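*Asks:* Need the 3D shape of this:
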Amino acid sequence: MDTPPSSTDDRSRRRYLSSLVGAVGALSLAGCAADDATDSDPPSTSASTPTGTPSAGSTDRPAVGDVVEGDRLAMVAYSVGRSADFETLEVLNGDGHVVVDVAVKNTHDSEYVGLSYHGGFTLRDGESREYGATVVGPTPRLHAGELAPGEVARGFVTFDRVPPDATGLTLEVTPTTEPSGAGTATITLESDGTGRTLTHDFAVPVHELGEPTEYEDTRFTATEVRTSTGSDTASPAPGNEFVFVDIIVENTGSDELFLNHVLQATLKDSEGRTYDFSPTAVRTIDNGAVSMTVAPGNRERAELGFEVEAGVEPLYLVMDLDDVWVGGRRFYQLR
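*Replies:* Okay, here's the model as predicted:
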């Protein structure tokens with residue numbers, strides 16, 4: 001069982017601010033190739049993750065596939081594609097989308113590190129035009145936020161209104177706590193490099209089913225996991241399955257406890273891809289709920305529902321028991 005942190009707001013605020021300050025300078029980074037054969041496997045590719053297009057020239061910057069690593073964050077752009085590579089994307093008014101498959105990892109052994117999807121990523125072309133990330137795009141989308149020590153987040157970052165003839169594309173990544181322009185890692189998207197796949201190396205407890213964990217006034221337990229192919233009312237997409245997790249939440253404090261499962265519960269695979277809470281899956285079960293309220297001294301049961309790629313293993317439940325401050329992130333290995 002975890003040793004719960006102090007329950008005072010001041011100490012929660014200090015932990016939060018400490019994590020933000022600690023991210024300053026996190027991306028004074030350099031491209032790192034793998035050290036040996038076991039770490040040099042190229043990232044897997046498929047029709048939904050097109051590979052980068054090699055450039056005719058050379059570059060000193062990290063390229064697609066290179067791991068860019070510092071003392072707090074490591075990151076890699078596995079692939080880059082255009083609108084035509086994704087059935088869900090269309091060219092708008094002559095402009096298109098650029099989609100980058102990105103992974104980031106908190107390499108610090110004890111502190112959370114933050115990176116924002118919207119504020120942390122900028123696409124730049126050879127004419128110095130900038131493009132911001134948009135929520136429209138293929139899934140799984142990158143969910144970075146506050147990463148626990150050793151945790152990886154992987155997903156697509158999509159940029160829109162990029163002219164189809166734009167060249168010289170680079171991806172710039174900056175922690176949202178950095179001063180403007182400081183500590184930015186730049187990856188060229190028109191050259192291929194060599195690197196390795198980032199996976200979790202958790203420096204925080206990973207719990208087993210049935211093992212309780214505590215955070216302030218919350219005692220949380222994931223007790224059981226099962227899968228389903230759906231029902232008459234709803235089914236997962238082809239190649240996917242519903243995953244249901246039984247949970248028990250106990251309120252050990254004196255105030256009412258509220259959990260929003262849509263915002264606070266996710267699943268992750270070994271490479272950090274995120275699968276969000278699925279209201280569609282929940283509609284197929286009796287004890288499912290998108291949220292729960294627990295009175296002081298009481299405990300409640302519920303079942304969480306997700307839609308994931310069938311057979312993904314290992315698979316982790318990630319619960320943010322505090323949706324305001326960092327430090328309440330808890331992990332369970334489901335399989």
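*Asks:* Got the domain ranges for this protein?
*Replies:* The chain breaks down into these structural domains: 9-192, 206-333 (assignment by automatic domain parsing).
*Asks:* mean pLDDT for those: which is lowest?
*Replies:* Out of those, the stretch the model trusts least by mean pLDDT is domain 9-192, with a mean of 72.
*Asks:* give me every residue that touches the nearest residue to residue 115 once chain neighbours are set aside.
*Replies:* With C-beta to C-beta, 6 or more residues apart in numbering as the measure, residue 144 is the residue that lies nearest to residue 115, at 4.1 Å, once sequence neighbours are left out. Where you see a C-beta, it was placed from the backbone N, CA and C, and this is true even at glycine. Contact partners of residue 144, counting by C-beta atoms under 8 Å, 6 or more residues apart in numbering, are 104, 114, 115, 116, 117, 120, 153.
*Asks:* from these, which is closest to residue 326?
*Replies:* When these are ranked by distance to residue 326 (C-beta to C-beta), residue 114 comes first, at 7.9 Å.
*Asks:* what secondary structure does the closest one sit in?
*Replies:* The three-state label for residue 114, taken from DSSP: H, G, I helix; E, B strand; the rest coil, comes out as strand.
*Asks:* State the distance from it to residue 166.
*Replies:* When distance is defined by C-beta to C-beta, to the nearest Å, residue 114 is 30 Å away from residue 166.
*Asks:* for residue 70, same thing?
*Replies:* Plainly put, residue 70 is 29 Å away from residue 166 if you go by C-beta to C-beta.
*Asks:* Counting neighbours, which of the contacts of residue 144 end up buried?
*Replies:* With neighbours counted by 16 or more other C-beta atoms under 10 Å, the contacts of residue 144 contain buried members at 104, 114, 115, 117, 120, 153.
*Asks:* what's the closest of the residues you listed to residue 253?
*Replies:* When the buried ones among the contacts of residue 144 are compared for distance to residue 253 (C-beta to C-beta), residue 114 comes out closest, at 26.9 Å.
*Asks:* what bridges to that closest one?
*Replies:* Applying DSSP bridges to residue 114 gives these bridge partners: residue 146.
*Asks:* what about it, distance to residue 148?
*Replies:* According to C-beta to C-beta, residue 114 stands 11 Å off from residue 148.
*Asks:* The residue nearest to residue 115 and residue 153: what is the separation?
*Replies:* With C-beta to C-beta as the criterion, residue 144 and residue 153 are 5 Å apart.
*Asks:* Need the overlap of contacts for the two.
*Replies:* Common neighbours of residue 144 and residue 153 (C-beta under 8 Å, 6+ apart) are 104, 115.
*Asks:* Going along the chain, name the strands of the stretch 51-200 of the chain.
*Replies:* 63-64, 67-69, 73-82, 96-106, 113-115, 121-124, 130-134, 145-147, 152-162, 170-173, 185-192 (DSSP state E, counting those that start in this stretch).
*Asks:* partner strands of the fourth one, parallel or antiparallel?
*Replies:* What it means is strand 96-106. Paired strands of strand 96-106, with direction, are strand 73-82 (antiparallel), strand 152-162 (antiparallel) (DSSP bridges).
*Asks:* chain center to it: distance?
*Replies:* Remark: strand 96-106 is offset 11 Å from the chain centroid, using C-alpha atoms, centre = their mean, to the nearest Å.
*Asks:* Kindly report the same for stretch 271-282.
*Replies:* A distance of 12 Å separates the centroid of the chain from that of stretch 271-282, by C-alpha atoms, centre = their mean.
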